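# Whatever this is, show me its structure:
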Amino acid sequence: MPITASQGRLQDRRPVSVIDIGSNSIRLVIYEGIARAPTVLFNEKMLAGLGRSIVTTGELDPDGVSRAVEEFRRFRALSEQAGAQSLHVLATAAAREATNGPDFIRRAEDILGTKIRVLSGREEAGYSAFGIISGFHKPNGIVGDLGGGSLELVDLEGETLGEGITLPLGGLRLRQMAGSSLNEAAGIAATELSRAPWLEHGAGRTFYCVGGTWRNLARLHMYTNRYALPVMHHYELDPQADSGFLKRVAAGETGKMRGIQRISKNRRALLPYGATVLLELMRVARPSKIVISATGVREGYLYSLLKEEERRTDPLLSAAEELALLRSRSITHARELAEWTGTAFAALGIEESEDDARYRRAACLLADIGWRAHPEYRGTQSLNIISHGSFSGIDHPGRAFIALANLFRHEGLFDDALSPEMRALAGPHYVERARLLGGLLRVVYLLTASMPGIIPQLKWEKRADGTLALLLPRSHAALMGERPHGRMAHLARVAGRELVLDVAAE
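Numbers count the residues shown, from 1 in each chain. Predicted coordinates for the structure are as follows:
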């Protein structure tokens, strides 16, 4: 390993850069490598507003072009400084539609030293859908990517892309088309969406929101409601309960909303148009819930570069494995826990849904990431890392479950004052499962000294009197002791049944 390499990075990854040239913003993202759950090494954007005058002039904004061209020099230098082995550049609505778009692209290619892919509306919608596939487990619904110039819509079920359409409803364009009239904007949105009658198939399914305007709309919703976990990915809005909030924003009544000052002025001006489009989509598609995605075209493009077998891996478990590899004492021990706790839940009569099992496995993989902290703070540190980590393929209650399981593993099982916010977010089902899993981890870590080899030898035995015994191999009987027995008694109390720790017979 080179002396300049950091142990905090995966050594088999080679950085890759993606520049996304949108109608409103241009962003450079340098990823650690092409992976199922890509990690960001560096992220920078500029709000160039390339498409701010395209409706009236048919051209890219001259000032935006000048600023973008200068920034491309910095983006290329940053990419080279980070050691990126490849630079991929994608351009969307404004660049493909403006009369001076080809000239702008040629200038940008000269500066960046690479070919720029000007995406068609269909390609843009496809990469947005891939972004949802990359960031969600078995998605099912309508994907909407709202940019500055256009709205891409596509039906998605699992990995199958259905009907799609590109509409001129991006925030900048809609504001121009409506002459800055919010009432006019609603009428235009309704007319344009009528061109996609297949949206009615979104009824009772999820609507996935992609794009900066909708993310900032969700951020304002978080601030307004003092939401406990300000993580954007998989944040949910309820079409019925939150319609009042969206109507206030669509009417331009944001000036006194809590947190509005924390949103940039450029983004703030487009919020009413984003809310207007979302309200019209809700009326037409009638989704069961609105889910915000932090993954979009860039991540979808990276996903398209993966091999087929890599695409089939679980993004949550991939990310958890990587963090365990970087921060735990033994990745093998973490994997053993993930397998063994499934057997333990079955022995205890605990049934799991597919997501229950995925979240449990992730919690086990992450169970030792706080070991370098002082013992008094390991639980809190683990909870903070997990609850705010850049995980995908998991909803917020599941994220709270994983964080709580690791908090209980370090802090104990019976203090109801521990993290009331996370408890409320997790809900009763996941709180009790987190306590049970935490109890199992507290027993096992005392028997293994956090090292592999013992866990696969731990067996469950149901006895005639109904007691369930956890058996150590006789060759490791010396691991028995007062503290493991005490932890087993705590686990029995949580499980509500007789549990004992014993040594297997010869």
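
# How is the protein divided into domains?
According to automatic domain parsing, the chain comprises the domains 16-118, 122-299, 315-503.

# For E308, find the nearest of the ones you listed.
domain 122-299 (10.5 Å; Cβ to Cβ). Heads up, the C-betas are built off the backbone N, CA and C, glycines and all.

# Quick one: end-to-end distance for that closest one.
17 Å (Cα to Cα, to the nearest Å).

# next one: it to chain centre, how far?
Domain 122-299 has its C-alpha centroid displaced from the chain centroid by 17 Å (Cα atoms, centre = their mean, to the nearest Å).

# follow-up on the earlier one: export the domains of the chain to JSON lines and tack on mean neighbour count, distance to L10 and mean pLDDT?
Listed next are these as JSON lines, based on neighbours: other Cβ atoms under 10 Å; distance: least, Cβ to Cβ, whole Å; pLDDT from 0 to 100:
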{"stretch": "domain 16-118", "mean neighbour count": "19", "distance to L10": "6", "mean pLDDT": "94"}
{"stretch": "domain 122-299", "mean neighbour count": "20", "distance to L10": "18", "mean pLDDT": "96"}
{"stretch": "domain 315-503", "mean neighbour count": "19", "distance to L10": "6", "mean pLDDT": "96"}
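
# Dump those to TSV, plus distance to R9.
TSV is the format used below for the domains of the chain (distance: least, Cβ to Cβ, whole Å):
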stretch	distance to R9
domain 16-118	7
domain 122-299	19
domain 315-503	8
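
# counting contacts, what elements does the longest helix belonging to the chain pack onto?
Secondary structure of the chain read by DSSP state H shows that its longest helix is helix 420-448. Helices and strands touching helix 420-448, by 3 or more Cβ pairs under 8 Å, 6 or more residues apart in numbering; DSSP states H and E, are helix 331-347, helix 354-365, helix 396-411, helix 482-495.

# Just the CA atoms from the last one would do, formatted as PDB, please.
Think helix 482-495. What follows is helix 482-495 as a C-alpha-only set of coordinates in PDB (Å, rounded to 0.1, in the frame of the first residue of the first chain):
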ATOM      1  CA  GLU A 482     -21.000 -14.200  35.500                       C
ATOM      2  CA  ARG A 483     -21.400 -11.400  33.000                       C
ATOM      3  CA  PRO A 484     -22.600 -13.600  30.100                       C
ATOM      4  CA  HIS A 485     -25.100 -15.200  32.400                       C
ATOM      5  CA  GLY A 486     -26.300 -11.800  33.500                       C
ATOM      6  CA  ARG A 487     -26.600 -10.600  29.900                       C
ATOM      7  CA  MET A 488     -28.600 -13.800  29.000                       C
ATOM      8  CA  ALA A 489     -31.000 -13.000  31.900                       C
ATOM      9  CA  HIS A 490     -31.600  -9.500  30.400                       C
ATOM     10  CA  LEU A 491     -32.200 -11.000  27.000                       C
ATOM     11  CA  ALA A 492     -34.700 -13.400  28.500                       C
ATOM     12  CA  ARG A 493     -36.600 -10.500  30.100                       C
ATOM     13  CA  VAL A 494     -36.800  -8.800  26.700                       C
ATOM     14  CA  ALA A 495     -37.800 -11.900  24.900                       C
END
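
# That helix: what's the following helix or strand?
Sequence-wise, the next helix or strand downstream of helix 482-495 (DSSP states H and E) is strand 499-503.

# Please apply the same query to the shortest one.
The helix or strand immediately downstream of helix 354-365 is helix 378-387, counting by DSSP H and E.

# So which residue is smack in the middle of the protein?
S392 (3.4 Å; Cα atoms, centre = their mean).

# measure the nearest residue to that one once chain neighbours are set aside to A367 for me?
Nearest in space to S392, with sequence neighbours left out and distances taken as Cβ to Cβ, 6 or more residues apart in numbering, is G135 at 4.1 Å. Distance, G135 to A367, by Cβ to Cβ, to the nearest Å: 24 Å.

# for R493, same thing?
According to Cβ to Cβ, R493 stands 21 Å off from A367.
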